[in-house]
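Engineer: coordinates only, sequence not included:
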């Protein structure tokens, strides 16, 4: 009971298919004790009523507003109450899934698991999973800034309803999503049919010494002889230009001076932390045999040394920042200046 409970944050705009995904999971989770924290606007939580619960499924509903507006209040209190009931035996769960309202910005929700000391010890945020409706995501991104924030925070993106659009529309959606978040793997699913291992227990917030950019997407078909297939991204025939505020940016360099890169990160977080949604770096430090790992959410950041560079490896530094309204050219110059 003392082991931290794994938490998955499920986000995505209205109608993206979060409840459908959860119902598929509940029908195939092998009766694992799980708690689902649901949030909606208004006095009645419709999505909670649509969930197909079971003997080992505990659904807790927050119906008095958006969790992103009440992280210091009802949301935090609900998490603490659930943990207290778990400790006393009133609730039985080994996993927690938080499903946000389709209008919620994930930022304050994510930060709650790191800034509250009690929750930080009792809960382990595993990953942020965002669903994107291929049929409507382009319009949602045009009209609602929060839709881009949901994608920008994601560790994995599930593309839904792609079976309802033509290939050109799907490819445009993939292009735009990848431009916003080039670090998250994208899986195309139908009717919520995505095996649990594809979106749970990803350990996305651990300080690992690898950083990979997505080069394609995976198609998931539960009833297929080959349930998972990889397809590289391709450009659509029609030239499209999107002016999304949130975009992914990659900074590459060689060996870095530890004092200079430390000062650079400190300066960026102080000046632009509120607009740096997610960022991760695997950096090669001059005179140090190990990789320096950086991972952060806004102004909450962690540093640690990872594995040792092999003598035959090229020591390359890479930093990926997903942010909005960032002075990228200025940041690129400052990052380059940290090289030896």
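Structural biologist: Received, thanks. The structure displayed is predicted, hence computed values, not measured ones.
Engineer: hang on, residue 74 in a strand?
Structural biologist: No: counting by DSSP: H, G, I helix; E, B strand; the rest coil, residue 74 is not part of a strand but helix.
Engineer: how deep is it tucked in, by neighbour count?
Structural biologist: Counted with other CB atoms under 10 Å, the neighbours of residue 74 add up to 16. For every residue, glycine as well, the C-beta is placed using N, CA and C.
Engineer: That one is in contact with residue 80, isn't it?
Structural biologist: No: counting by CB atoms under 8 Å, residue 74 sits too far from residue 80 to count as a contact (10.7 Å).
Engineer: quick one, helices of the stretch 151-300 of the chain?
Structural biologist: Taking DSSP state H, counting those that start in this stretch as the test, the helices found in the stretch 151-300 of the chain are 167-180, 258-272.
Engineer: Need the winner for burial among these.
Structural biologist: Comparing the helices of the stretch 151-300 of the chain on average neighbours per residue, with mean count of other CB atoms under 10 Å, the densest one is helix 167-180 at a mean of 19.
Engineer: how near is residue 314 to residue 22?
Structural biologist: 43 Å (CB to CB, to the nearest Å).
Engineer: that older thread, so which of the helices of the stretch 151-300 of the chain comes closest to residue 244?
Structural biologist: helix 167-180 (5.8 Å; CB to CB).
Engineer: Give me the packing partners of the closest one, helices and strands only.
Structural biologist: Helices and strands touching helix 167-180, by 3 or more CB pairs under 8 Å, 6 or more residues apart in numbering; DSSP states H and E, are helix 137-143, helix 145-152, strand 156-160, strand 185-188, strand 246-253.
Engineer: I'd like those laid out as CSV, including mean pLDDT and mean neighbour count.
Structural biologist: Supplementary listing: the helices and strands packed on helix 167-180 in CSV, determined by pLDDT from 0 to 100; neighbours: other CB atoms under 10 Å:
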stretch, mean pLDDT, mean neighbour count
helix 137-143, 95, 18
helix 145-152, 96, 25
strand 156-160, 98, 26
strand 185-188, 98, 22
strand 246-253, 97, 18
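Engineer: Make CSV from the ones you listed and add distance to residue 198 to it.
Structural biologist: Below are the helices and strands packed on helix 167-180 laid out as CSV (distance: least, CB to CB, whole Å):
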stretch, distance to residue 198
helix 137-143, 20
helix 145-152, 18
strand 156-160, 8
strand 185-188, 6
strand 246-253, 22
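Engineer: Tell me which of those approaches residue 226 most closely.
Structural biologist: Of the helices and strands packed on helix 167-180, the one closest to residue 226 (CB to CB) turns out to be strand 185-188, at 13.9 Å.
Engineer: So what are the sheet partners of that closest one and their directions?
Structural biologist: The pairing partners recorded for strand 185-188 under DSSP bridges are strand 156-160 (parallel), strand 216-220 (parallel).
Engineer: And the closest residue in space to residue 99 that isn't next to it in sequence, what's its pLDDT?
Structural biologist: Of all residues not flanking residue 99 in the chain, residue 10 sits nearest, at 4.6 Å (CB to CB, 6 or more residues apart in numbering). Confidence at residue 10, expressed as pLDDT, is 97.
Engineer: helices or strands up against the helix or strand harbouring residue 10?
Structural biologist: Using DSSP states H and E, residue 10 sits in strand 5-12. Packed against strand 5-12 by the contact rule (3+ CB pairs under 8 Å, 6+ apart) you find helix 18-27, strand 95-99, helix 106-115, strand 123-133.
Engineer: Spell out the secondary structure type for residue 120.
Structural biologist: Reduced to three states by three-state DSSP, residue 120 is helix.
Engineer: Run a quick check on it versus residue 114, I expect a contact.
Structural biologist: Yes: contact criterion CB under 8 Å: residue 120 and residue 114 qualify, at 5.9 Å.
Engineer: between these two, who's got more neighbours?
Structural biologist: Comparing residue 120 with residue 114 by other CB under 10 Å, the one with more neighbours is residue 114, at 17 against 14.
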